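Peer 1: Fold the following for me, if possible:
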Amino acid sequence: MKKLKLTMAQALLKFLDNQYVEFDGKEYKFIKGIFGIFGHGNVLGIAEALENMKDLSLKFYQGHNEQGMVHAATAYAKQKNRLEIFACTSSIGPGALNMVTAAATATVNKIPVLLLPGDIFASRQPDPVLQQLEMPNNYKMVANDAFKSVSKYWDRIERPEQLMSAVINAMRVLTDPVETGAVTLALPQDVQGEVYEYTYDFFRKRVWIIERRTPNYESLKKAANLISNKKKPLIIAGGGVHYSFAYDELKEFAETFNIPIGFTQAGKGALVWDHPLNMGGIGTTGTLAANKLAKEADLIIAIGTRLMDFTTASKTQFQNKNVEFLNINISRFDGIKLDSTLLLSDAKLALKELKKELEKREYKSGYTQKYISSLKNKWNEEVNKLYSLNSKKGIVQTRALGLINELFNENDIIVGAAGSLPGDLHKLWRCKGIKTYHLEYGFSCMGYEVAGTYGVKLAEPKKEIWTMISDGSYIMLHSELVSSIQEGKKINIIMFDNGGFQSINSLQKGHGSEKGFGNELRYRNSKTDKLDGEYMKIDFAKNAESYGAKAFYVDTIEKLEDALKKARESEISTLIHIKIIPGTQSSGYETFWRVGIAHHSQNPKVIEKQKDHDEYLQKYAKDY
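Peer 2: Have a look, this model is predicted:
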C-alpha cells in the first residue's frame, strides 16, 4: 500500500483540506480555512505546515484575540447554515484557554467549529515548559482539559498515528446536525513535528452526507391528530428553520392553516416582518402580539428550538390550562422539552408532510383574520411610537434603532449578542430580508459582536454587515476590527454609548435596587468612595480611527442619519459612536423572567419585589 511521509501537522492539514459535505445533492468544501495566533505550541508545527506545504488550498487568517477568532469562525458557520466552517489554532496555556469561552458559545448554539490548541510535550522531557499547568494529583491534566466541558468531542493526539481515528471522529461530530458544536483536538507541540508514513487513502476526498431526517408516519399522524383538535395553535420558529432552509414551507404551512408565528432570536429572519402572520419575537424579549397569543394558545408548535427560558418566559409563557406542545426537532433531547409530543424530523420535511395530512382533514385554526390583524396592527403602532421617541436630553435608544431600521435595505445583515440591544432588536427590528438577522443569544456572549460581524462578512462578502453593540461589549472585545482592516473586509460597527451595562442595571432596578450597582461606566466618587460619580468620557471614534477605520461621533439624530449614509459609502471598516441616553431601551410586554432574587435584604424594596416575583411563579409557572 502506497504511503506518504508527513509530520502529524502536515497530515492534519492535508486531511482537512479534502473534507466536503453534501446537502440536498449539493456539495460544499467544508473547511474554509484556518484562523490562528501563533506561539510556542503551534508555531513550529501547524504554522510550518501552513507556510511550506505547496498543495494546500486552506487559507490562513491571522487572529488578534483567540476568543475573537473563534467567535468569527462560529459566526461564519452560523451564517453558512453549518455547511462551511473554519478551524482555529492557538499556542498552549493562555492562548488555548482564551478559546474556551468561544468554544462554549459554539456548542450552546450547535455551531460546528474545530479547535486545534497547542499542548505540552507528549514526551514530557522538557517539562514543565513555559505556560504549562502542573497538577500534582494528575500530571496529564493541563490547560486543554478545560475544553472537555465545552466540547462535543475532545481528543489529545499523543502519537502521530492517533491522528487518523481522531480526525474521523472529529468530522463525525462536526457534520452531525444534532451533535455538532465545538470539537477540540489538543496537539502536543513535539508530536506536531513527528513524522509518520500515512497511507494515501487517508487523504482521499471524503464527502460527508448531511441527511434530512424523514418523519415517522405514526408520529406524523399523532402530530396531525393533535393539531386537528386545537383551535388556537401558535408556531414558535427557531434556528432549525434556517438550517433546514424551511423558509417556504414555514410560510406556506402558516398561511394554509392560518397559524400565527412567534420567533426565537435564532429563528428571527426566517420571514419578513410585514407578513400578516409574523407576530415577531416571543418570550421575555418578545412582542405584545406574540406574547398575548402565547398566553391564549391551546397548542404550541415548536420548530427547531431549544425552548430556553427567554423563549418560554421561564415556563410561565403558556397560560391556557389546556395547552399542549408539539415539537418538531431532529434532536430528541430538545424535542421532549415541556413534555412535548415529539415529531422527530427535519423541519422542512415535517412541515411538508404535516401540511398534506392536515389538508386531508380540511383543518383551519379558530383565529379570525381580524383578530390576528388587530394584534399585529396594535404592535406596529407601539413600534412606531418607540421608533419616534425624542428627548431634549439626547438620543433615545429606540429612536436610534428606528432610524437605522428605516435606512437599511433587504440585504443588510445585523449582528448582535448581549446587553439591552438584543431585547430591543428581538422586539422591534423589522427584518426586510431573509437571513439578515444574526443574533447569538444561546450564550449571549459579550464580545461576540465585532468578531461575529467579521465572520459574517467573510461568509457574505458582497453584503453590508452591521453590528449593534454597546460600549460595555465593545470594551470587552473588539480585536477583530483589526482583522477586518487587515483583510480589507469592510464591517460596520454601530456602537451605542449608554454608559455601561444598562441591561443588567435595569434588571437590578427592576428588582429593588435604588440606583443600580456596579454596572455603569462611572468614575469613583471621592465623597462616597463608590462608583457613582460622573459617567466616564471615552472617545470610541478615536479608538477605531487609531486602527485605521473610518469613524463618526454622533449626538443628534441628524448626525446619525448622515453618518449611516457615509458609513455605507465607505470602502473601509467603520464605527459610529452614538451617544445614547442611558436606560432608554424598551421594556417587557406581558412577560416574565425568573431570576435569582434575594429573600432577605436590608432594602425593603428588594423583599417587596421578591414577593411579587415568587407570587407570579406560583400562579403561572409549570413544572415539566
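Peer 1: my guess is Leu13 is in a helix, correct?
Peer 2: Yes. With DSSP: H, G, I helix; E, B strand; the rest coil as the criterion, Leu13 is part of a helix.
Peer 1: Please name the nearest non-neighbouring residue to it.
Peer 2: Ala49 (5.1 Å; CB to CB, 6 or more residues apart in numbering). Any C-beta I mention is one placed from the backbone N, CA and C, and that applies to glycine too.
Peer 1: Now do the one you found against Glu381, distance only.
Peer 2: To Glu381, Ala49 is 60 Å away according to CB to CB, to the nearest Å.
Peer 1: what about these two, which has more around it?
Peer 2: Ala49 (23 against 10; other CB atoms under 10 Å).
Peer 1: In terms of helices and strands, where is that one?
Peer 2: helix 46-52 (DSSP states H and E).
Peer 1: sorry, back to before: okay but the residue nearest to Leu13 is in contact with Leu16, surely?
Peer 2: No. In this structure Ala49 lies outside contact range of Leu16 using CB atoms under 8 Å: 10.7 Å.
Peer 1: Look at Gly512 and tell me its secondary structure.
Peer 2: Three-state call for Gly512 (three-state DSSP): coil.
Peer 1: Nearest spatial neighbour of it, chain-adjacent residues omitted?
Peer 2: Per CB to CB, 6+ apart, closest to Gly512 is Val606, 3.4 Å.
Peer 1: Are we agreed that Ala294 is in a helix?
Peer 2: Yes. Under three-state DSSP, Ala294 falls within a helix.
Peer 1: Next, find the distance separating the spatially closest residue to it that is not a sequence neighbour from Lys619.
Peer 2: Setting aside the residues directly before and after it, Ala294 is nearest to Gln317 in space (CB to CB, 6+ apart), at 4.8 Å. Applying CB to CB, the value for Gln317 to Lys619 is 13 Å.
Peer 1: what is in contact with those two at once?
Peer 2: Counting by CB atoms under 8 Å, 6 or more residues apart in numbering, no residue touches both Gln317 and Lys619.
Peer 1: which of the two has more neighbours?
Peer 2: Comparing Gln317 with Lys619 by neighbour count (other CB under 10 Å), the higher total belongs to Gln317, at 30 against 9.
Peer 1: pretty sure the residue nearest to Ala294 is in a helix, no?
Peer 2: No. Counting by three-state DSSP, Gln317 is not found in a helix; it is coil.
Peer 1: just checking, what packs against the worst-scoring helix or strand of the chain on mean pLDDT?
Peer 2: Every helix and strand of the chain was ranked by mean pLDDT, DSSP states H and E. The lowest is helix 502-509, at a mean of 78. In terms of contacts (3 or more CB pairs under 8 Å, 6 or more residues apart in numbering; DSSP states H and E), helix 502-509 is packed against helix 420-428.
Peer 1: domain parsing for the protein?
Peer 2: The record's domain parsing of the chain by automatic domain parsing lists 3-209, 217-375, 388-499+536-579.
Peer 1: of all those, which lies closest to Tyr624?
Peer 2: Ranking these by their distance to Tyr624 (criterion: CB to CB) puts domain 217-375 first, at 4.7 Å.
Peer 1: any idea how far Val191 is from Gly41?
Peer 2: In this view, Val191 and Gly41 are 11 Å apart by CB to CB.
Peer 1: mind listing the strands for the stretch 501-624 of the chain?
Peer 2: For the stretch 501-624 of the chain, the strands defined by DSSP state E, counting those that start in this stretch cover 550-554, 574-579.
Peer 1: ok and the first one relative to strand 574-579, angle-wise?
Peer 2: Put plainly, it is strand 550-554. Angle, strand 550-554 to strand 574-579, by axes from the mean of the first three to the mean of the last three CA atoms, to 10 degrees: 20 degrees.
Peer 1: Neighbours of Gln618, how many?
Peer 2: By other CB under 10 Å, 8 other residues sit near Gln618.
Peer 1: next one: the one 3 residues further on
Peer 2: The burial metric for Ala621, expressed as a neighbour count using other CB under 10 Å, is 17.
Peer 1: do the same with Glu460
Peer 2: Glu460: 18 surrounding residues under other CB under 10 Å.
Peer 1: could I have stretch 220-237 exported to CSV, CA atoms only?
Peer 2: The C-alpha trace of stretch 220-237 is given here as CSV (Å, rounded to 0.1, in the frame of the first residue of the first chain):
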residue,chain,number,x,y,z
LEU,A,220,-46.8,12.3,11.8
LYS,A,221,-50.4,11.0,12.3
LYS,A,222,-50.1,11.7,16.0
ALA,A,223,-49.0,15.2,15.3
ALA,A,224,-51.8,15.8,12.8
ASN,A,225,-54.3,14.5,15.3
LEU,A,226,-53.0,16.8,18.0
ILE,A,227,-53.2,19.9,15.7
SER,A,228,-56.7,18.9,14.4
ASN,A,229,-58.2,19.1,17.9
LYS,A,230,-56.8,22.6,18.6
LYS,A,231,-58.3,26.0,17.8
LYS,A,232,-55.6,28.3,18.9
PRO,A,233,-52.2,26.9,17.8
LEU,A,234,-49.1,29.1,17.8
ILE,A,235,-45.9,28.3,16.0
ILE,A,236,-42.6,29.1,17.6
ALA,A,237,-39.9,29.1,14.9
